[in-house]
Structure formats: C-alpha cells, structure tokens
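Enquirer: coords please:
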Amino acid sequence: MRFSQQSASIDVSPSLRFEVVASRGCPLLGLNVTLKVQNVFPLQEETARFCLSQISCASRKWKIQSVSCAANEACWLERNQNVTLLLGLIQKVEDDENLFHDMTLLPDQPLINSNAAPHADFFIRSGCQWQRDKLRPRQCFPREEQTLNPDSKVDPKALDLALLVFWQFQILSPDCPPSCGTGQSHVDIRQLNRPVRVPMLELDAIRPKAPQQSLNTAILPTLPSLLTASENRSTLPIAADAEMDKKLESIMWMSKLVRCKLLHPHSILHKFQRNDCASAEPIMDFDAEFRKLLLDEEQTSESSCGGCSLAKVEVQLHVVNTTESNLLLRVECASPEYLASQDRPRKLPHLLWIGSSLRQFQLGPKQLVSLNLQARAPRPGLYEVNCLNVKAALLTSEWKQGDSVSFMRQEFAPSSSILVNAL
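Expert: Have a look, this model is predicted:
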C-alpha cells in the first residue's frame, strides 16, 4: 500500500480597496460616513470591473439612510478607477430590534436580506470587532454613557458600527468566456474621525500601533521598499530593525508639525444654468466658465459670481503649530491635475479653488491661523473638500528670508465631503 501526500497553496489578492471615515453630522446626533472604493484587480491579462449594488449597516444604535436619490444606471469601476459615496446614519428608535439595515444603490434592484444566510454568516465569520462586543444596551456615543456613569472608562470616540458592501463583478479574459458573480466586503468602524482601510496598507499591517495616516496623506515611496526588504521580517538584524524604527518615527513626527481643521457646510443648494430645449441636466460651457474663474480677484469676487453657473462653496481652514519652533507653512489650493499639466485640463476638477493657489507664511510656536477659502462646484453631486496640499518646514534660528527649506507634507483631517444639490 502506498500513501501520497499533496499540498497546494492559494494566493489571494484583493480586488477592491475600501477607505472609510465616520464623522459627526448634522443634526448633532447623526453621522456622516465617507466611503471610497477603488478597483485594484491585480491580473494584467484579464479585465475585471466591479459595481456596488447595496450597502448595509450592522449596528445596535445606528441605521443607514440615503443622502441623495439613487443613480439612474449602474456605475461600473474599471481598473484603477474609484468612487466616493457619502452615507448618512441616524439613531434607531427604541423598539427597533433589527441589527442590519439595508440600502440599495442600483435602480430596480431588490434589497438583499443581510440577516439571511449566507450573508450574515459571512459577516460573523469575518472577525469584525463589532460582533465581538456583548449585546448590551449602550448609548450611540460613549461620551453620553460616561456622563451617566463617571466611573466607566470608555473611549469618547468609539463607535458600534460595521458596513457590509455588496458588489457585482464581470471578468473578461481572451482565453475564457466572460464570467460574472457577486460578493460582499466588510468594513469595521471603531472610532470617529479615524480612517479605516480594507485591506490595510503595508505600513498599517506591520506597524499596527503607529498612528494611522489620514486618507489624503500619501505614503512616501521609500517606505514600502524599507518594509518589504525581506519577506520574513524576523530575519532582519536587530540593528537594522532599530534603525528602521527610528526612520519611521522621524517620518511620523515630521508629518505632524501642524494640526489642520476644515469648516464648511455639509450640503448646499444652487440654481445651475439649464438648457430647457436639450435636457434637464445642468449644461454649461466649461471653457467660458474657466475663463471667468481666471479673472482677477475683484472681478471674480462678486461681479462675475452673479452670472456664473458654478456653485459657491465657502471653506475655512484652521492651522495650529503643534511644536515649540517656528514653521514655514505652504498651502496649495490648485488641483494636482492642473498643477501637473502644461495645458488646462478639459474637464474641471472636483472643486475649483478661487483666488491665490499658493499661500506661504510663517507660524510661531503654538500659533493658530485661519484662512478663508472659496471654491466652486461645476454641477450637482458629491465633492471632496479635503483636497488641499499642506506642507511645513522647521525653521532654525539662522534661517533668513529666501533661504531654501525642506518641506514635509502634513497629515490632514479625515476625508470631508459636501453634497451640492440643484434647485
């Protein structure tokens, strides 16, 4: 008798990447959740596209609601494309015993029952922190629970919330017939104003206790090479490991020289110009509108805004120096696409910032400065406000005006969105 033993290994690569952040909404006891989804399908020989079909909320105190009407047609994500959704959450009523609340994203799409198998089973087996908590009565925000019981030690920013994202996919391969199917992903939201990434970035996976970077803060290109120098990190020498720790701590500290905060409305109403003979959608001459926005400050401020078809968005930026040293601060308001291009882009960026696109000034120790900014939105929709580029540099006592300095991009506030509706 002969026995044979066989083994096989399967490498699974993520096809979708999720970035989620929850913040206090309006009214005060509501939540705004910004969900960013990107198609990161790894295989080059095949083409895969994904479509989000439904979002469900798993919570004992929150339920999901629609912020705007559903799309008229499905939105498919091609390779490296991404989409941003703004979700609204409200408190449940006292007699609501449902743990899952569903919201469809497709027209004429029946709701998927998240409580039924196999969806609920997949969620429970995913290991989300939410399902580990004991099913006990609690407040929506632990700060209220701590007020009732001062002896309890709770995190005032902790949340009881998880998202189930249902999606559809289509895979096209030159050697095989097209295939399609469905899937679901889970995102566990544990704290307010803290970005959550699924799957985690390499820096988050190797340094779980390090402070998480905000959504719009790019990971330096040298970090992945440092972190993935060896597949087995335990084989690194102790000296090299300690040196890498110092480099990471230095980079983390240099990216937190200032603390930034954005103040703006969550939604606005604007009467866009329409062409009644063509369609109900806002129609505008982008070339003419862009020329209007490039006028000098006096003409742009009031006179041209009366006839401008772009919605006005007022934003206030607060910047605080968190160090005991003098800083040189640089705030770039122009879009990265426009700065990197020799010619003006054919399509407008998400938000057009009005006025000076580059501001540079000094900040004293612990000094606070407020900047009043203005932007324009070309059409109704959801816009990312937190698209500013803030850099800072430490100034020595020998520094003089005109000397060169080394700027470091600063960690910013979590993703901040605004909803523009048409009257």
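Enquirer: what about Thr47, how many neighbours?
Expert: 15 (other C-beta atoms under 10 Å). In short, each C-beta sits where N, CA and C put it, glycine included.
Enquirer: got it, and Phe166?
Expert: By the criterion of other C-beta under 10 Å, Phe166 has 23 neighbours.
Enquirer: how much space is there between it and Gln109?
Expert: 10 Å (C-beta to C-beta, to the nearest Å).
Enquirer: mind listing what's buried in stretch 383-402?
Expert: Residues of stretch 383-402 classed as buried by neighbour count (16 or more other C-beta atoms under 10 Å): 383-395.
Enquirer: pull the CA atoms of that stretch into PDB?
Expert: Taking C-alpha atoms only, stretch 383-402 is exported to PDB below (Å, rounded to 0.1, in the frame of the first residue of the first chain):
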ATOM      1  CA  TYR A 383     -17.400  66.700  -3.800                       C
ATOM      2  CA  GLU A 384     -14.300  66.100  -1.800                       C
ATOM      3  CA  VAL A 385     -13.400  69.300   0.100                       C
ATOM      4  CA  ASN A 386     -10.200  68.000   1.700                       C
ATOM      5  CA  CYS A 387      -8.100  68.200  -1.500                       C
ATOM      6  CA  LEU A 388      -5.700  70.900  -0.100                       C
ATOM      7  CA  ASN A 389      -1.900  70.200   0.000                       C
ATOM      8  CA  VAL A 390      -0.400  71.500   3.300                       C
ATOM      9  CA  LYS A 391       3.300  71.400   3.800                       C
ATOM     10  CA  ALA A 392       5.500  72.600   6.600                       C
ATOM     11  CA  ALA A 393       9.200  73.100   7.300                       C
ATOM     12  CA  LEU A 394      11.100  73.700  10.600                       C
ATOM     13  CA  LEU A 395      13.000  77.000  10.700                       C
ATOM     14  CA  THR A 396      16.300  77.300  12.500                       C
ATOM     15  CA  SER A 397      17.500  80.500  14.200                       C
ATOM     16  CA  GLU A 398      19.900  81.100  11.300                       C
ATOM     17  CA  TRP A 399      17.100  81.000   8.700                       C
ATOM     18  CA  LYS A 400      16.700  84.100   6.600                       C
ATOM     19  CA  GLN A 401      14.100  85.100   4.000                       C
ATOM     20  CA  GLY A 402      15.000  83.500   0.700                       C
END
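Enquirer: Give me the common contacts of Phe166 and Gln109.
Expert: The contact sets of Phe166 and Gln109 overlap at Ser53, Gln54 (C-beta atoms under 8 Å, 6 or more residues apart in numbering).
Enquirer: what packs against the biggest strand by length in the chain?
Expert: In the chain, with assignment by DSSP state E, the single longest strand is strand 158-172. Counting contacts by 3 or more C-beta pairs under 8 Å, 6 or more residues apart in numbering; DSSP states H and E, strand 158-172 is packed against strand 16-24, strand 31-39, strand 47-58, helix 119-125, strand 179-191.
Enquirer: The same query, at a cut-off of 7 Å, please.
Expert: Here strand 158-172 touches strand 16-24, strand 47-58, strand 179-191, going by 3 or more C-beta pairs under 7 Å, 6 or more residues apart in numbering; DSSP states H and E.
Enquirer: then the last one to CSV, C-alphas only?
Expert: What follows is the C-alpha trace of strand 179-191 in CSV, where atoms were taken according to Å, rounded to 0.1, in the frame of the first residue of the first chain:
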residue,chain,number,x,y,z
SER,A,179,-17.7,35.3,-16.1
CYS,A,180,-19.8,37.3,-13.6
GLY,A,181,-20.8,37.0,-10.0
THR,A,182,-21.4,38.7,-6.7
GLY,A,183,-19.5,39.3,-3.5
GLN,A,184,-19.5,41.2,-0.2
SER,A,185,-16.9,43.0,1.9
HIS,A,186,-16.9,44.1,5.5
VAL,A,187,-15.6,47.3,7.0
ASP,A,188,-15.4,47.7,10.8
ILE,A,189,-15.6,51.3,12.0
ARG,A,190,-14.4,51.6,15.6
GLN,A,191,-13.8,55.3,16.1
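Enquirer: Now that strand: buried residues?
Expert: For strand 179-191, by 16+ other C-beta under 10 Å, it's Gln184, Ser185, His186, Val187, Asp188, Ile189, Arg190, Gln191.
Enquirer: if I read this right, the fifth one contacts Asp160, doesn't it?
Expert: No - at 10.4 Å, Asp188 and Asp160 do not qualify as touching, with contact defined as C-beta atoms under 7 Å.
Enquirer: Reformat the helices and strands packed on strand 158-172 as TSV; add mean pLDDT and distance to Met408.
Expert: Putting the helices and strands packed on strand 158-172 into TSV (pLDDT from 0 to 100; distance: least, C-beta to C-beta, whole Å) gives the following:
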stretch	mean pLDDT	distance to Met408
strand 16-24	87	22
strand 47-58	90	35
strand 179-191	88	26
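Enquirer: As CSV, those strands with distance to Asn115 would be great.
Expert: What follows is these, written out as CSV (distance: least, C-beta to C-beta, whole Å):
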stretch, distance to Asn115
strand 16-24, 22
strand 47-58, 9
strand 179-191, 13
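Enquirer: how about these, which one is nearest Arg259?
Expert: Arg259 lies closest to strand 16-24 among those, at 15.8 Å (C-beta to C-beta).
Enquirer: hmm, back to that, residues of the longest strand of the chain that come out buried?
Expert: For strand 158-172, a neighbour-count test (16+ other C-beta under 10 Å) marks 158-169, 171 as buried.
Enquirer: Can you tell me the strand partners of it and which way each runs?
Expert: Taking DSSP bridges as the criterion, strand 158-172 forms sheet pairs with strand 47-58 (antiparallel), strand 179-191 (antiparallel).
Enquirer: I'd like those strands as a markdown table, with distance to Gly364 appended.
Expert: Formatted as a markdown table, the strands paired with strand 158-172 follow (distance: least, C-beta to C-beta, whole Å):
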| stretch | distance to Gly364 |
| --- | --- |
| strand 47-58 | 45 |
| strand 179-191 | 32 |
